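Asks: Task: produce atomic coordinates for the following.
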Amino acid sequence: MIKKMRRHSNKKVVYLRPKKKSFFSRIRMLMFLLLIGIMAFLILSYFYNKTYTVVEGVINESFFTDAIIIKNETPILSPTNGKLQLLVKSGERIRVGTPLFIITTDEKQKELYQKEIAEIDDKIRILQNKTDSSSISLNLINKSIASTTKKLKEATDSGEFDKVKSLKDELTRLTEEKEKKLESNEYNISMLKKQLKQLKDEVSKIDIVIYASEAGIVSFNIDGFEDLLVADRAKDLTYAQLQAVSEDTNNKDLPKYVKANQAIIKIIDNFSWYIVLKLENQMEEGRNYYIKVSEDEKIKAKLTSINEDGPIGFFLINTGLERLLDLRKVKVEIITGTYTGNIIPTTALFINEGKEGVYILERGKRRFKLIEIVAKNENDIIVNGLKQGDKILLK
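Replies: Below is the predicted model:
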């Protein structure tokens, strides 16, 4: 048998391995992918932020201006010179007849009267206490009178006439003693009370109390325009007169001593007042408008008359004005019209071949569409020609 001999080779077998990527190649690949991601994000963000979905909204046509407040106000004057003592607070609601303030014309004489009044009050109190303490002796006298009356009856009934006279004399004495005690205290107290009343009457001549002639709200803001800005004569005001009105920034604290005919306070009817201003838009006399006196406060007002000098509009308001009580001028927004409909931002409006419209997005494409502008302000537009839910392109 022939045996086949295997030949052994000394050659090594080499296995092929994939070539490793360099470190820098990997970095370049990562940066490329990152750049693509950033670009995609920016494109999507740009596309998203530059579109708008049509919704229903409201636009107010309005203008801003300075307005003058005219109130039904009654200044209350001091009747004479003297020291002022207030009896009410600013903003307090009062009725007719409410005491408002006191004017003291002679402080020294008032102090003397008050001292005498205090002394008489003490005397009356002492006498009243004495009357209370003497009630014991009066009780004893009353018992003695009752006992003597009984004895007198018994003596008369039994025919003991020798005792009757002495008992009658005793009864007379007891009765007179009782009357003297009562009359003495009552007379003294009565006389003192009479003196007290006279002194208080004299004090009332020195302390002059002023009472409210009108119902309303108290204000200490006397600005000097009370005679000019009168509600009953508001329609006669000219534009020049309104321009002359300024907000009084002087110290509003009342002095300790006042003069005759000096305005101390004023009473304001806060349920009927006017706002007067120069009209900037065409407005209709007799129509109701809304006036914003602050960001969150809107009041209804009727344009009662228009003075062509300006022109000036006079708006009647029949609601409380506590927040505006001491103001004479105020910045307001006059709403001349309110429109409701499909609203878009002004940045969605494009001009194409001289025509106004928007670019509407449909199936990833944009198409120019004509619109009709109903109302417009600085930021938004109410339009016809679109429907709610439409997506449009923004500038």
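Asks: so where does the closest residue to residue 393 other than its chain neighbours fall, helix or strand?
Replies: Nearest residue to residue 393, sequence neighbours excluded (CB to CB, 6 or more residues apart in numbering): residue 359, at 4.0 Å. Just so you know, the C-beta spots here come from the backbone N, C-alpha and C atoms, and that holds for glycine as well. Residue 359 belongs to strand 355-362 when assigned by DSSP states H and E.
Asks: which residue ranges form the helices in the stretch 151-300 of the chain?
Replies: Secondary structure of the stretch 151-300 of the chain, counting by DSSP state H, counting those that start in this stretch: helices at 161-206, 239-244.
Asks: to the chain's geometric centre, what's the distance from the first one?
Replies: Relative to its parent chain, helix 161-206 has a centroid offset of 60 Å by CA atoms, centre = their mean, to the nearest Å.
Asks: shaky segments in the stretch 51-200 of the chain?
Replies: 130-138, 176, 179-185, 187 (pLDDT under 70).
Asks: hmm, 90 instead?
Replies: Within the stretch 51-200 of the chain, the segments meeting pLDDT under 90 span 60-62, 72, 121-193, 195.
Asks: Strands of that one, residue ranges please.
Replies: Along the stretch 51-200 of the chain, the segments classed as strands by DSSP state E, counting those that start in this stretch run 51-53, 55-77, 82-86, 93-94, 99-104.
Asks: which one of those strands lies closest to residue 114?
Replies: Closest to residue 114 of those is strand 99-104 (CB to CB; 11.2 Å).
Asks: can you pull the contacts of the closest residue to residue 231 other than its chain neighbours?
Replies: When the adjacent residues along the chain are set aside, residue 231 lies closest to residue 72, with 4.8 Å between them (CB to CB, 6+ apart). Contacts for residue 72 (CB atoms under 8 Å, 6 or more residues apart in numbering) come out as 216, 231, 268, 269, 272, 273.
Asks: any idea how far residue 166 is from residue 92?
Replies: 74 Å (CB to CB, to the nearest Å).
Asks: To clarify, my last question referred to residue 108.
Replies: Taking CB to CB, one finds residue 108 at 32 Å from residue 92.
Asks: Which residue of those two possesses the greater neighbour count?
Replies: residue 92 (14 against 8; other CB atoms under 10 Å).
Asks: beta partners for the residue nearest to residue 92 when sequence neighbours are not counted?
Replies: Distances taken as CB to CB, 6+ apart place residue 218 nearest to residue 92, at 4.8 Å, with adjacent residues excluded. The partner list for residue 218 in beta bridges (DSSP bridges) reads residue 267.
Asks: Run a quick check on residue 218 versus residue 91, I expect a contact.
Replies: Yes: under the criterion of CB atoms under 8 Å, residue 218 makes contact with residue 91 at 6.6 Å.
Asks: Compare these two (neighbour count), which wins?
Replies: residue 218 (22 against 14).
Asks: tell me the contacts of that one?
Replies: With the criterion set at CB under 8 Å, 6+ apart, residue 218 makes contact with 88, 89, 90, 91, 92, 93, 94, 100, 265, 266, 267, 268.
Asks: Please repeat the previous calculation with a cut-off of 10 Å.
Replies: By CB atoms under 10 Å, 6 or more residues apart in numbering, the residues touching residue 218 are 76, 86-94, 98, 100, 212, 265-268, 325.
Asks: can you list contacts of stretch 289-301?
Replies: Here stretch 289-301 makes contact (CB under 10 Å, 6+ apart) with 60, 62, 64, 67, 69, 273-275, 277, 283, 287-288, 302-303, 313-321, 323-324, 327, 330-338.
Asks: For the residue nearest to residue 393, name its beta-bridge partners.
Replies: residue 368.
Asks: what about it, neighbour count?
Replies: When neighbours are defined as other CB under 10 Å, residue 359 has 18 of them.
Asks: From residue 286, how far off is it?
Replies: According to CB to CB, residue 359 and residue 286 sit 44 Å apart.
Asks: Could you do residue 188 as well?
Replies: Taken as CB to CB, the span from residue 188 to residue 286 is 75 Å.
Asks: Check residue 235 too.
Replies: From residue 235 to residue 286 the distance is 14 Å (CB to CB).
Asks: okay, residue 255: pLDDT?
Replies: pLDDT for residue 255: 89.
Asks: How about the one 3 residues further on?
Replies: Per-residue pLDDT puts residue 258 at 94.
Asks: If it is in a bridge, with which residues?
Replies: residue 82.
Asks: Now for it: which residues touch it?
Replies: With contact set as CB under 10 Å, 6+ apart, residue 258 has these partners: 77, 78, 80, 81, 82, 83, 84, 101, 103, 264.
Asks: burial count for the fifth one?
Replies: Residue 82 has 20 neighbouring residues, counting by other CB under 10 Å.
Asks: How much space separates the closest residue to residue 216 other than its chain neighbours from residue 26?
Replies: If the residues on either side of it in the chain are set aside, residue 216 comes closest to residue 267, at 4.3 Å by CB to CB, 6+ apart. In this view, residue 267 and residue 26 are 88 Å apart by CB to CB.
Asks: No more questions from me, cheers.
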